[in-house]
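Engineer: Kindly generate the corresponding structure for this input.
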Amino acid sequence: MEQPPQSVEEFVTWVLDQDPSLKGMDSRVRSELEADYVEELDTKVTRALVDAVPEELLADVEQLLDHGSMPEIQAWITHRVPNVNMIILQILTQFKEEYLSA
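Structural biologist: A predicted model of the protein is given here:
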């Protein structure tokens, strides 16, 4: 059995592999398409996680977003935002459903 996608990049590749209309697509065009979708999903996930930050911590997360590194931001959110994995799962599932039903 194949291991499920472990990153946004792997997830996007997995979803696009399910689209028969992309079979035989030029590899450079496919790579650009994947990069666009990865960027879109990263933005959606980040927005959803920031939106889930408790109101009393908004000033802290804004300062961290301005001055922190990505690992620091991820660790901060993981420890302070409830249901991080559920939020990410919802965004990824929504992308898959919207993409494959289009």
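
Engineer: what separates Asp60 from Ser69, distance-wise?
Structural biologist: Separation of Asp60 from Ser69 (Cβ to Cβ, to the nearest Å): 15 Å. To be clear about C-beta, it is placed using only N, CA and C from the backbone, and glycine gets the same treatment.

Engineer: Look at these two and report which has more neighbours.
Structural biologist: Asp60 (13 against 9; other Cβ atoms under 10 Å).

Engineer: How far does whichever strand or helix holds the more buried one sit from its chain's centre?
Structural biologist: Asp60 is part of helix 58-67, with elements assigned from DSSP states H and E. From the chain centre to the centre of helix 58-67 is a distance of 20 Å (Cα atoms, centre = their mean, to the nearest Å).

Engineer: Mind naming the longest helix for the chain?
Structural biologist: Under DSSP state H, the helix in the chain containing the largest number of residues is helix 27-51.

Engineer: what helices or strands is that helix leaning on?
Structural biologist: Contacts defined by 3 or more Cβ pairs under 8 Å, 6 or more residues apart in numbering; DSSP states H and E place helix 27-51 against helix 8-17, helix 84-101.

Engineer: Of these, flag the one that's most buried.
Structural biologist: Burial of those is given as mean neighbour count (mean count of other Cβ atoms under 10 Å); helix 8-17 ranks first at a mean of 17.

Engineer: Can you tell me what sits against it?
Structural biologist: Contact with helix 8-17 is made by 5, 22, 30, 33-34, 37-38, 41-42, 45, 92, 95-96, 99-100, as judged by Cβ atoms under 8 Å, 6 or more residues apart in numbering.

Engineer: try 6 Å this time
Structural biologist: Applying Cβ atoms under 6 Å, 6 or more residues apart in numbering, the external contacts of helix 8-17 come out as Pro5, Leu22, Glu34, Tyr37, Val38, Leu41, Leu92, Lys96, Tyr99.

Engineer: Any stretches of the chain with poor pLDDT?
Structural biologist: Counting by pLDDT under 70, the ranges of the chain that qualify are 1-2.
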